[in-house]
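**Student:** Sequence and predicted structure below; questions after.
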Amino acid sequence: PTWSAPDESDVLHEDPGYDPSIGGSMQEVTWAGGQEFWTVGSNGLIYHSDPTLGPASLWTQFVPPTERYEDFQAFSIEGVSFSGTNDGIFVGQRLVGTSRLGKAYHYHNSGSTITWTEIAILDETNLVLIADVAFAGSTAYAVGLRDFGTSKQGVVMTAILTGGAFGPLKAKTQTFGECTVGEALGGVPVLSE
């Protein structure tokens with residue numbers, strides 16, 4: 001088989017504010033259960049497959065119900081994970097004012113009602129990126145990057161999903177420093193997956 005880039009006609013855009021000239025790269029894809037898959041990327045791009053037909057079907061752009069695409073495209077989405085078809089977590093870096101901050105959002109589907117809420121992050125004033133996320137049961141594990149100006153530090157955070165809502169993301173005690181060997185010091189990403 002051969003691979004080819006999707007044609008713009010293969011994607012259905014739900015938001016009238018979508019501008020195909022913006023473009024963006026896709027960063028990750030995940031399975032939500034059944035035949036439903038989600039993929040995320042830069043410029044706030046989120047697509048999902050038809051939950052009954054799967055990835056061979058037309059993929060639909062998802063824009064959170066509380067967001068306008070013009071504002072949401074400031075979110076570079078690096079990772080996505082679902083604990084089942086109803087609850088997912090989207091992570092990345094969002095431009096807020098003039099600062100780039102690590103952000104996490106919870107997608108919850110309750111029948112015909114979809115909610116999109118920001119997940120609180122405890123005591124992380126230097127968190128500039130959440131690079132990836134994965135579920136183990138009802139616990140979401142995320143990896144992030146703290147930037148102190150003169151040094152960077154990797155951090156692992158967890159949040160518990162209970163009754164359709166997330167508790168805050170909390171950092172584990174152990175952290176991870178930048179690469180300190182070789183010729184490309186600081187050139188290797190810290191905890192990117």
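**Tutor:** Nice, thanks for sending it over.

**Student:** low-scoring stretches of this structure, by residue?
**Tutor:** The model of the chain has pLDDT under 70 over residues 1-23, 182-188.

**Student:** where along it do the strands fall?
**Tutor:** Taking DSSP state E to define them, one finds strands in the chain at 11-13, 26-33, 36-41, 46-48, 59-61, 75-84, 87-96, 99-110, 113-118, 127-136, 139-147, 152-162, 165-166, 170-177.

**Student:** so how far is the fifth one off the chain centroid?
**Tutor:** Taking the mean of its C-alpha atoms, strand 59-61 sits 16 Å from the chain's own mean (C-alpha atoms, centre = their mean, to the nearest Å).

**Student:** Then the fourth one?
**Tutor:** Relative to its parent chain, strand 46-48 has a centroid offset of 11 Å by C-alpha atoms, centre = their mean.

**Student:** The last one too?
**Tutor:** On the basis of C-alpha atoms, centre = their mean, strand 170-177 sits 20 Å off its chain's mean C-alpha point.

**Student:** Partner strands of that strand, with direction?
**Tutor:** Strand 170-177 has these partner strands in its sheet, going by DSSP bridges: strand 152-162 (antiparallel).
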